[in-house]
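**Student:** 3D, please:
(4 chains)
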Number of protein chains: 2
Amino acid sequence: MAVNRLKKLGLKLTPQRLAILNLLEGNKKHPSAEEIYSQLKPRFPSLSPATVYNTLEVLAKAGELQEVRIRGDKKHFDSNPAPHGHFLCRICQSIYDLDVEPLEMQTPFSVKGHLVEGYTLYFYGICPVCQEGSKTKLN
Amino acid sequence: MAVNRLKKLGLKLTPQRLAILNLLEGNKKHPSAEEIYSQLKPRFPSLSPATVYNTLEVLAKAGELQEVRIRGDKKHFDSNPAPHGHFLCRICQSIYDLDVEPLEMQTPFSVKGHLVEGYTLYFYGICPVCQEGSKTKLN
DNA sequence: CTCTCAACTTATAATAATTATAAATTCATA
DNA sequence: TATGAATTTATAATTATTATAAGTTGAGAG
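**Tutor:** Numbers count the residues shown, from 1 in each chain, chains lettered A, B, ... in the order given. Just a heads-up that it's a prediction; the model follows:
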């Protein structure tokens, strides 16, 4: 579990960090910092946004999670740090994991002299729910 | 040329728009809005940052260029609107076009119920110039 | 067990890219 | 060349995020 990994990295196990990790683990919704803050605030009344930002940065740098910058305005966070595709619905703005077969790559690799250490793959369009919704509307 | 396309779209051909288009056409450096503004300001003393932002948004929506959001802080712009890979060097922060063979896809397509209308592919690492630089340092 | 202190959290202010607003200007057609 | 909608401009507002500094705490040393 993440607790042991944090210890190995010399990071302190604070209640805030554990709460943020717990919120993200197994969470498919890729929340933003603000959403994480709002969801934890009731249980941690003293929680500050800065702590959420700090923690997310520390955990991302430690390789425990990844930043998802599929939207132009704010970052979202994924507890799965391995590179994989993400999908943003232009109707409901939901972010989904989306693996597209031939696109998985092992890093690092070199292309035309560029040393590629990581990559992101973002898809944009309409999610299954919203496609269904617009169908219903038309009937 | 772009002029005719803009006319077709019902967009006015202002000197500012033409200058921005010209700056971007055949420019491999993918400048940010601020860089575009700084470069044009001497020739257009009345130019306002808002105009640059407006124009870039209009042109992007018209499909004449694409936003490159490979960096977390600011947007960059590419006069080639077709989806293709981009690479950000973590040393010099330069952005390069980078096509990786098996990754080109025709849009739209569907994956697991998601209608994919567009996509972005961003690579992160060290560019050829900076790899050469660090080699030199070690010798 | 408790002392110690670097690491962490917090409140607050500062930053910086971008967006909104509204008045002045100008492109393009009649 | 007159007209009006589109555009540009200056300015203010927004908003996610980062910086700062003071107070708090986790966890190893003794």
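**Student:** the top strand by length along chain A near DNA strand D at all?
**Tutor:** Ranked by residue count, the top strand of chain A under DSSP state E comes out as strand A:114-126. No. Figure legend: strand A:114-126 not in contact with DNA strand D (Cβ under 7 Å from any atom of the strand); closest approach 14.8 Å. Heads up, the C-betas are built off the backbone N, CA and C, glycines and all.
**Student:** now that strand: buried residues?
**Tutor:** For strand A:114-126, a neighbour-count test (16 or more other Cβ atoms under 10 Å in any protein chain shown) marks A:His114, A:Leu115, A:Val116, A:Tyr119, A:Thr120, A:Leu121, A:Tyr122, A:Phe123, A:Tyr124, A:Gly125, A:Ile126 as buried.
**Student:** is the lengthiest helix in chain A positioned near DNA strand D?
**Tutor:** Taking DSSP state H as the criterion, chain A has its longest helix at helix A:49-61. Yes. For a cut-off given as Cβ under 7 Å from any atom of the strand, helix A:49-61 has contacts with DNA strand D, namely A:Pro49, A:Ala50, A:Tyr53, A:Glu57.
**Student:** so which of the residues you listed comes closest to B:Arg17?
**Tutor:** A:Tyr53 (37.7 Å; Cβ to Cβ).
**Student:** list the contacts of that closest one.
**Tutor:** A:Ala33 (Cβ atoms under 8 Å, 6 or more residues apart in numbering or on different chains).
**Student:** that one and B:Arg71, how far apart?
**Tutor:** 18 Å (Cβ to Cβ, to the nearest Å).
**Student:** stretch A:29-41 near chain B anywhere?
**Tutor:** No. Counting by Cβ under 8 Å from any Cβ of the partner chain, chain B has no neighbours in stretch A:29-41; the shortest distance is 12.3 Å.
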